[in-house]
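Asks: I'll drop the sequence and a predicted model, then ask my questions.
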Amino acid sequence: MREEETRHDIVVVGGGLAGVCAAVAAARLGRRVALIHNRPVLGGNSSSEVRVWVCGATAHGVHRWARESGIMGELYTENQYRNPEGNPYYWDQVVLDAVLAEPLLDLYLNTDVREAEADGPADARKVHSCTGWMMGSERRITFRAEQFLDCTGDGLLGHLAGARYRIGREARAEHAEPWAPEEADDALLGSTILFHTKDAGHPVKFVAPAYARDLAATPIPRNRVLRTGDNGCDYWWIEWGGELDTVHDNERIRDELQGVVLGIWDHIKNSGEFPDAENLTLEWVGSLPGKREYRRFVGDHVLTQQDILEQRSFEDRVAFGGWSVDLHPVQGMYADEPGARQRYADGVFHIPLRCLYSVNVSNLLFAGRNISATHIAFGATRVMATCATLGEAAGTAAALCVGTGLSPRELALKEPESVRRTLLRQDASVIGIADDDPGNLALGAVATASCHLSRLAAEPTAAEPGERYPLDRDLALLLPADPSVEAVDLLVHGDSAPAELTVELWDTGRPENAVPQGHLTTTTVAVPPGGPHWVTARFGHRPPAAHNAVVIVRALPGAALVLVPHRTDGVLALRRRAEGDAAVDHDIPEEEGQAVLEWQARGLRRHTFCFRLSPDTRAFTPAQAVGGFQRPYGGPNMWSSDTLPGAGTDTTWLRLDWDREQTLTEVRVVFDDDVDEYLNNLHRHRTPFEVMPELVRAYRVQALAPDGTWATLVAEAANRRRHRVHRLAAPVGTRALRLVVDATHGAPRAHVGALKAYGEAR
């Protein structure tokens, strides 16, 4: 056995998506990082060993403009490009490559941390090191660092260090949570094992092993849905262990789950109820239970059900989520009740930094399913894309702690703006915070452009005449009200007789939301028979500040709007849910009164009802790319050109001018990769684009020389990333900077969320 010792700035234990994003974030900020994982592959529950879909704030497409940016966004879009078929082994490589790309990050796979050295009184402890055994290599390695991150899911490192934590459900009175039980208990969400099948093209028999469960002797056939076309996470409800200890009883839980998986397969193959299963065979069955819940650490803030559903804003918010409060019966697959109870907020919710560090261990942060949250709130924060954004935030905070000498708590209380600004600089997943970084020289510049989109409309053409979309239900358009919504023209097919169309204008309540919340005004419009006819709904709405507005067209039997098959920038087409429509998962009963489920984009994404907005919009001016939110929040928050980029012609550009010369060392650009497009690592939902069409493909960054010519500093011909960081080879003195867009990946306009310039390396 070899004894080793390492020294790093930061040690991250746990190589799921939370740990990966934490380690990458800290390494990108110049810290030496050790990432320790007890499995041979990274990715945790998303890896090829477990194969859980990576879900997050989009909630399978429920929320608008909610896909994560930052490191998780990079993983999503890189996987979309490399792995359009959703191969779980290719996903492993996407995650591994992201880690190996960081020169300051040292990766230790197959290394199981079993010891921690920590000291101090119970309310003020400090971690000095942790020690792991590298399986197969007979290496016992002690890792020393200034800051430690527990991203293990189960919270093992924090437990060894003496951090305070909770297991199970809090009593209702503790946080006044409506869904909490009257009395606290040890109940947990259970673990799951998944399986995949394939069509062999010929009959395949299945002989069940002795340990396969007899499904007829369980309540599963009467309470759960079995289908031969389902695979993988379609069987998320194969869940058990909530009444046990999901760590100490892990082997017992695994055996039960595998027995049920093979019992289900035996039932599908041999019961005679599924004749279409004759040619199916098992391709893969997991051997590692995917755990949902165990320890939840206690931080300076404990996230609650009300924080989630009321979308409470926090001054120290560092990430967002959007998954429902999603709780499962403690008996799991053997319960007679449905497999889940879910409640969605009206839009995304926010998570503060105070949930990501220990209340009693001064140099311990955490991210993933073990953050400081109640059992109820954890039901919404536990999904992996949200865990990944928490990892990036915690890794960023740890890196800043190393640089400042502050503890995580001191950082949160004394310098919260440094965390916020750093996360925004990295294009991390924070919403509703404008860029106020004094290091960003663009904030002191005047932004101009070759042109900008001002006329907002979707009209039929000879090539795209559109289709009739019946007004048998309420339909809607979400539009940016900047500066106002004086009138909206709609293209309507009338019935055989004149009719009156009711059109309403609503606001969205909060900038995070994209569903109607508050009624503003109503008008009626005469619709002639036949058509289609352009009709005008006049509102005269002049808001005090720019925001999104929703135009609702009430149902009118026999009439129809015209739907064209293209996306309109900053606009969403929505339809009101009709009886029998599934909102998310048709096997889960849905709670009443959820506005975000009432208005759906299903079947309407990248389509628009024909409209013309008056007056012209200011939502896409050059100023939108400087000092704004750099992703949708109450509006598109981006510059959009009004013309096609012209390769090599300098016809499409965004420019920054200063009143005196600046010395630039770094330029950052945030492009538009359509965060409304729902992506998934294993492609539960298939997206037809390997690269988002809105993304800029070819561009140049230029500086104005003293002789009035433009010197090209950067030239990219094959970009497929949203956030690009260009550190200049040598400092450049200039009074103007220009971004020239030569081509997109298919969109008709250039989109830029942010153009930033810095005077020193970041």
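Replies: Structure received.
Asks: what pLDDT, on average, does stretch 159-177 get?
Replies: Stretch 159-177 shows a mean pLDDT of 98 in the predicted model.
Asks: same question, stretch 117-129
Replies: On average, stretch 117-129 scores 97.
Asks: pLDDT below threshold where in the stretch 651-762 of the chain?
Replies: Regions of the stretch 651-762 of the chain meeting the criterion pLDDT under 70 cover residues 760-762.
Asks: mind listing the strands for it?
Replies: Listed in chain order, the strands found in the stretch 651-762 of the chain under DSSP state E, counting those that start in this stretch are 653-671, 696-704, 710-716, 723-744, 751-758.
Asks: Of all the ones you listed, which one comes closest to residue 76?
Replies: Taking CB to CB as the measure, those were each checked against residue 76, and strand 723-744 came out nearest at 12.7 Å. (C-beta placed from N, C-alpha, C; glycine too.)
Asks: so of the strands of the stretch 651-762 of the chain, which one's packed in deepest?
Replies: The highest mean neighbour count among those, using mean count of other CB atoms under 10 Å, belongs to strand 751-758: a mean of 25.
Asks: Let me know the angle separating that strand from strand 696-704.
Replies: With axes from the mean of the first three to the mean of the last three CA atoms, to 10 degrees applied, the angle from strand 751-758 to strand 696-704 works out at 40 degrees.
Asks: Tell me which other helices or strands strand 751-758 touches.
Replies: For strand 751-758, the contact count by 3 or more CB pairs under 8 Å, 6 or more residues apart in numbering; DSSP states H and E identifies strand 639-640, strand 653-671, strand 723-744 as packing neighbours.
Asks: Out of these, flag the one nearest residue 251.
Replies: Closest of the helices and strands packed on strand 751-758 to residue 251 is strand 723-744, at 43.0 Å (criterion: CB to CB).
Asks: Show me what the closest one packs onto, helices and strands only.
Replies: Counting contacts by 3+ CB pairs under 8 Å, 6+ apart, strand 723-744 packs against helix 70-82, strand 653-671, strand 696-704, strand 710-716, strand 751-758.
Asks: Could you list the paired strands of the shortest one along with their orientation?
Replies: In the sheet, strand 710-716 lines up against strand 696-704 (antiparallel) (DSSP bridges).
Asks: Make CSV from the strands of the stretch 651-762 of the chain and add distance to residue 188 to it.
Replies: CSV is the format used below for those (distance: least, CB to CB, whole Å):
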stretch, distance to residue 188
strand 653-671, 40
strand 696-704, 46
strand 710-716, 48
strand 723-744, 37
strand 751-758, 40
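Asks: rewinding a little: need the helices and strands packed on strand 723-744 in a markdown table (columns: distance to residue 569).
Replies: Supplementary listing: those in a markdown table, determined by distance: least, CB to CB, whole Å:
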| stretch | distance to residue 569 |
| --- | --- |
| helix 70-82 | 19 |
| strand 653-671 | 14 |
| strand 696-704 | 14 |
| strand 710-716 | 22 |
| strand 751-758 | 7 |
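Asks: what's the closest non-adjacent residue to residue 128?
Replies: Using CB to CB, 6 or more residues apart in numbering and skipping residues adjacent in sequence, the residue nearest residue 128 is residue 117, 4.6 Å away.
Asks: mind checking the SS state of that neighbour?
Replies: Counting by DSSP: H, G, I helix; E, B strand; the rest coil, the backbone at residue 117 sits in strand.
Asks: can you list contacts of the helix or strand residue 505 falls within?
Replies: Residue 505 is located in strand 499-507, with elements delineated by DSSP states H and E. Contacts of strand 499-507 with the rest of the structure, by CB atoms under 8 Å, 6 or more residues apart in numbering, involve 485, 488, 490, 492, 516-527, 529, 535, 537, 539, 541, 543, 547-554, 556, 558-559.
Asks: mind listing what residue 741 touches?
Replies: When contacts are taken as CB under 8 Å, 6+ apart, residue 741 is in contact with 641, 645, 652-654, 696, 698-699, 750, 752.
Asks: Please name the bridge partners of it.
Replies: Partner residues in beta bridges with residue 741: residue 699, with DSSP bridges as the criterion.
Asks: ok, now which residue in the protein is the farthest from the centroid?
Replies: Using CA atoms, centre = their mean, the residue of the chain lying farthest from its centre is residue 497. It sits 47.4 Å away.
Asks: show me what contacts that one?
Replies: Residues counted as contacts of residue 497 (CB under 8 Å, 6+ apart) are residue 529.
Asks: and it, what element?
Replies: Secondary structure from DSSP H and E places residue 497 outside every helix and strand.
Asks: tell me the pLDDT at it?
Replies: For residue 497, the pLDDT comes out at 81.
Asks: Against residue 556, how distant is it?
Replies: Distance of residue 497 to residue 556, given as CB to CB, to the nearest Å: 12 Å.
Asks: Next, residue 410: secondary structure please.
Replies: Three-state secondary structure (criterion: three-state DSSP) places residue 410 in helix.
Asks: If you could redo that for residue 265, that was the one I meant.
Replies: At residue 265, secondary structure determined by three-state DSSP is helix.
Asks: I figured it hits residue 206, correct?
Replies: Yes: contact criterion CB atoms under 8 Å: residue 265 and residue 206 qualify, at 6.3 Å.
Asks: Comparing these two, which residue is more hemmed in?
Replies: More neighbours surround residue 265 than the other of residue 265 and residue 206, with 22 against 16 (other CB atoms under 10 Å).
Asks: can you tell me the helix or strand for residue 95?
Replies: Under the criterion DSSP H and E, the helix or strand holding residue 95 is helix 88-100.
Asks: circling back to that earlier point, for the residue nearest to residue 128, grab the count of nearby residues.
Replies: Residues within reach of residue 117, counting by other CB under 10 Å, total 14.
Asks: Good, wrapping up.
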